[in-house]
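A.B. asks: Got a sequence here, can you model it:
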Amino acid sequence: MIGDKKVQDMMVDIFEMPHIPYWFTIKQAIRLIRKSYPDVKSYPYSMMILVFDEKYHLLGSVSINEILKGLEPELLSSCALAASDTPEGQLATVPWETLFDVKGKELLQHPVSEIMTPINTFVNHDDPVTRAAYMMFCHSTTILPVLEGKKKLLGIIRLADIFCAIAQAI
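C.D. replies: Numbering: from 1, shown residues only. Model (predicted):
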């Protein structure tokens, strides 16, 4: 039963996830995602990369959503406008060609640290899975680091794995 499961029962080793140092470029992140997730249609989890510092401390994650926003920052301002005062159905669009112009190529050289989502929430390995799900909902994230003693990184727990466990229980 899902209520009896502990985070350690469902966590994934961090080395099973693709990962890069924070100074790698967006272009390098794209290459790693393409290599790590070759068959997008059959991959059930969010396509993301973990981001570490020099001492292998987990800093954050980069998803394909953040990469696309990093390639075209105007998408962010378009989203903000759409949410505020742009009439529904009249969202601003960015031409596909701009991703390949000089500006787009420059953006590919920016470090992933500029676009990553920082991870500053965690769960302990002996917490119930329901606590991990609650923390993910509260912090709008699909992964959480799993720590032992609030210090040692043991792995991560993914929202998709929690969903699968709940679906099986039902």
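A.B. asks: who's in contact with residue 51?
C.D. replies: With contacts defined as Cβ atoms under 8 Å, 6 or more residues apart in numbering, residue 51 is in contact with 19-22, 58-62, 112-113, 116. C-beta coordinates here come from the backbone N, C-alpha and C atoms, glycine included.
A.B. asks: most neighbours, which of these?
C.D. replies: Neighbour counts for the contacts of residue 51, by other Cβ atoms under 10 Å, peak at residue 62, which reaches 29 neighbours.
A.B. asks: Which of the three states applies to that one?
C.D. replies: strand (DSSP: H, G, I helix; E, B strand; the rest coil).
A.B. asks: thought it was touching residue 28?
C.D. replies: No: the pair residue 62 / residue 28 is not scored as a contact, 10.5 Å apart, by Cβ atoms under 8 Å.
A.B. asks: Now do the shared contacts for the two.
C.D. replies: By Cβ under 8 Å, 6+ apart, the residues touching both residue 62 and residue 28 are 20, 112.
A.B. asks: quick one: the strands in the chain?
C.D. replies: Per DSSP state E, the chain carries strands over the ranges 19-21, 48-52, 58-63, 117-118, 123-124, 143-148, 152-158.
A.B. asks: Save these as a markdown table, and put in mean pLDDT too.
C.D. replies: Formatted as a markdown table, these follow (pLDDT from 0 to 100):
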| stretch | mean pLDDT |
| --- | --- |
| strand 19-21 | 93 |
| strand 48-52 | 89 |
| strand 58-63 | 88 |
| strand 117-118 | 88 |
| strand 123-124 | 92 |
| strand 143-148 | 87 |
| strand 152-158 | 87 |
